[in-house]
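K.L.:
Build me a model:
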Amino acid sequence: MPDSRSTAPNQAPAGTGSLNFILVCIFIDMLGIGLIVPVMPLLVGQFVEGREQQALWFGALATVFGLLQFLFMPALGALSDRVGRRPVLLYSMGGMCLNFLITAWAPSLAWLFVGRIIGGMSSASMSVASAYASDISTHENRAKSFGKIGAAFGLGFICGPMLGGLLGDAGLHLPFYVAAALSAANLLYGYFMVPESLPPGEREPLGLARLNPFSALLRLLRRQDIRGLVVVITLVTFAQMMLQSTWVLYTTFRFGWTPRDNGIAMFCVGLASAVVQAGLLAFLIRRFGETRLALLGISSGAITYMLYGLATQGWMMYVFILCNLLAFAAGPALQGIVSKATAPDKQGELMGSLQSIASLGVIVTPLVGTGILGAVSHLPSSDWRIGSSFFLCAAMQVVAIAVARRYFSTHRRTHHGNPA
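P.N.:
Numbering: from 1, shown residues only. Here you go, the predicted model:
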């Protein structure tokens, strides 16, 4: 008897081939987002006066986006467990297109907030794409699949910020129009090319409790088997979010970088991420195991954050980026460990909950990071205190290392293949 799952309409074929569809969608999505990264803080500067106000209002915009993302991400992840991954992905693509269009057109700071609200309400591509990858991956190769998604994410950031920086030098609004066009193309590609990955028989009923972002986090924290890892992921994510929310303003204030300069730096970040997650991750997992790889990656990140904050010349930032390769493997390794401990029909909820941690970070860290940066923005560019926000990132990484080592030590039997 033929397998009905392999012939159902809009259903992903068996095996790993259908992962290619989602990788293209993630690449285009991240390309569009990457386009605006070098110019968004500078666009805010057109509507306010002074560096401190620029930092604070940019932080407020990022916080609004993170708040809406936090409220909607778990709900969209859980919804994908009920109705399938494909319709939620299409909704996300359409919402991001509208977000970019409104931001490009915005005649005032208020309209920038409107765009951020719409973007936060529809930002679900990474969590649902991760659930999609889990649907079509075996238990053993999930970390590799997550690594490929990370690589597609990184490739988007190889091309996006570089292109955005070049376009931003021509006009700060131009990257947003291009990002909107790419999102529209992504929507069409997803509609015609991306099959469904979750069979009807494996879908989960949708209850109101699963739509509550706080309930999703509480359920995550109640899982004693991964509670320590949730703390680690939270600390690592918060450090990354603070870096991302302050990078452009920090390099602008300290080194006088232009959108082009930041585009080149982010090109280096995307290139390093893609090399590690697409080319080296499988080797690194075999060589170190997921546990040791996660610890090494977090440690590398802690050192690099300190060096970012102490840098006295712009060229040093490029060197530190390229010396921080192991940090790009920590996320997929941690995600793979957590995914393996979760039932197949809960993967969408899990990934949505993990992404809600990132959203919670985007609520908190921009206010803290840009607040710190704004407070020191009046200091001379050579003053070491300009890097205070990065020093806080390094401290969070150090705490994450301590928590992770304790967790893996107490769960040695569970992770016997990856000794700490």
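
K.L.:
Which strand or helix spans Val368?
P.N.:
Per DSSP states H and E, Val368 falls inside helix 347-376.

K.L.:
can you give me the helices in the stretch 301-420 of the chain?
P.N.:
314-322, 327-340, 347-376, 388-410 (DSSP state H, counting those that start in this stretch).

K.L.:
What average pLDDT does the first one get?
P.N.:
Over the span of helix 314-322, the pLDDT mean works out to 91.

K.L.:
so who does Leu373 touch?
P.N.:
Leu373 makes contacts with 55, 246, 249-250, 253, 386, 388-389, as judged by Cβ atoms under 8 Å, 6 or more residues apart in numbering. (C-beta placed from N, C-alpha, C; glycine too.)

K.L.:
For Ala184, find the nearest of the helices of the stretch 301-420 of the chain.
P.N.:
Taking Cβ to Cβ, helix 347-376 is the member of the helices of the stretch 301-420 of the chain nearest to Ala184, at 23.5 Å.

K.L.:
so where's this protein shaky on pLDDT?
P.N.:
1-18, 124, 138-140, 199-213, 215-216, 341-349, 351-352, 355-356, 359, 412-420 (pLDDT under 70).

K.L.:
Spell out, range by range, the strands that occur in the stretch 101-250 of the chain.
P.N.:
Ranges of strands within the stretch 101-250 of the chain: none, based on DSSP state E, counting those that start in this stretch.

K.L.:
how distant is the lengthiest helix in the chain from the center of its chain?
P.N.:
Under DSSP state H, the helix in the chain containing the largest number of residues is helix 51-83. Mean-position distance between helix 51-83 and its chain equals 12 Å (Cα atoms, centre = their mean, to the nearest Å).

K.L.:
any idea of the angle it forms with helix 347-376?
P.N.:
On the basis of axes from the mean of the first three to the mean of the last three Cα atoms, to 10 degrees, helix 51-83 is oriented at 180 degrees to helix 347-376.

K.L.:
packing partners for helix 51-83?
P.N.:
When contacts are defined as 3 or more Cβ pairs under 8 Å, 6 or more residues apart in numbering; DSSP states H and E, helix 51-83 packs onto helix 40-45, helix 85-105, helix 109-122, helix 125-135, helix 208-211, helix 213-222, helix 227-255, helix 347-376.

K.L.:
got TSV for these, with distance to Gly164 too?
P.N.:
Below are those laid out as TSV (distance: least, Cβ to Cβ, whole Å):
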stretch	distance to Gly164
helix 40-45	9
helix 85-105	11
helix 109-122	16
helix 125-135	18
helix 208-211	34
helix 213-222	30
helix 227-255	11
helix 347-376	19
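
K.L.:
nearest to Phe176, of those helices?
P.N.:
Nearest to Phe176 among these is helix 85-105; the distance by Cβ to Cβ comes to 3.4 Å.

K.L.:
For that closest one, buried residues please.
P.N.:
The neighbour-count check on helix 85-105 (16 or more other Cβ atoms under 10 Å) flags 85-86, 88-104 as buried.

K.L.:
Stretch 108-121 now?
P.N.:
By neighbour count on 16+ other Cβ under 10 Å, the buried set for stretch 108-121 is 112-121.

K.L.:
now stretch 161-177
P.N.:
Within stretch 161-177, the residues that qualify as buried are 161-169, 172-177, counting by 16+ other Cβ under 10 Å.

K.L.:
ok, so of those residues, who is nearest Phe238?
P.N.:
Pro161 (21.9 Å).

K.L.:
In space, what's closest to that closest one - neighbours in sequence excluded?
P.N.:
Take Pro161 and drop its neighbours on the chain: the residue closest to it by Cβ to Cβ, 6 or more residues apart in numbering is Met266, 3.4 Å away.

K.L.:
same check, this time on Trp257
P.N.:
The nearest residue in space to Trp257 (Cβ to Cβ, 6+ apart) is Thr251, at 4.2 Å.

K.L.:
and the one you found, what does it touch?
P.N.:
By Cβ under 8 Å, 6+ apart, the residues touching Thr251 are 257, 261-262, 265, 314, 317.

K.L.:
now do 10 Å
P.N.:
By Cβ atoms under 10 Å, 6 or more residues apart in numbering, the residues touching Thr251 are 38, 257-258, 261-262, 265, 308, 311, 314, 317.

K.L.:
try Ile363
P.N.:
Applying Cβ under 10 Å, 6+ apart to Ile363 gives the contacts 62-71, 120, 241.

K.L.:
orientation of the longest helix of the chain relative to helix 109-122 in degrees?
P.N.:
30 degrees.

K.L.:
all numbers from here: first residue = 35
P.N.:
Sure, I'll start numbering at 35, so the last one becomes helix 85-117.

K.L.:
who touches the closest residue to Gly194 other than its chain neighbours in this structure?
P.N.:
Computed as Cβ to Cβ, 6+ apart, the closest residue to Gly194 that is not its neighbour in sequence is Gly68, at 2.0 Å. For Gly68, the contact set (Cβ under 10 Å, 6+ apart) comprises 187-199, 209, 213, 216, 297, 300-301, 303-304.

K.L.:
Apply 8 Å and report the result again.
P.N.:
Applying Cβ under 8 Å, 6+ apart to Gly68 gives the contacts 190-191, 193-195, 197-198, 300, 304.

K.L.:
List the ones among those that fall in helices.
P.N.:
Of the positions in the contacts of Gly68, 190-191, 193-195, 197-198, 300, 304 sit in helices, assigned by DSSP H.

K.L.:
possible to save those residues as JSON lines with distance to Ile183?
P.N.:
Listed next are the ones in helices among the contacts of Gly68 as JSON lines, based on distance: Cβ to Cβ, whole Å:
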{"residue": "Gly190", "distance to Ile183": "11"}
{"residue": "Phe191", "distance to Ile183": "13"}
{"residue": "Cys193", "distance to Ile183": "17"}
{"residue": "Gly194", "distance to Ile183": "16"}
{"residue": "Pro195", "distance to Ile183": "19"}
{"residue": "Leu197", "distance to Ile183": "21"}
{"residue": "Gly198", "distance to Ile183": "22"}
{"residue": "Met300", "distance to Ile183": "19"}
{"residue": "Gly304", "distance to Ile183": "14"}
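
K.L.:
just the residues you listed now: which is nearest Arg176?
P.N.:
Of the ones in helices among the contacts of Gly68, the one sitting nearest to Arg176 (Cβ to Cβ) turns out to be Gly190, at 21.4 Å.
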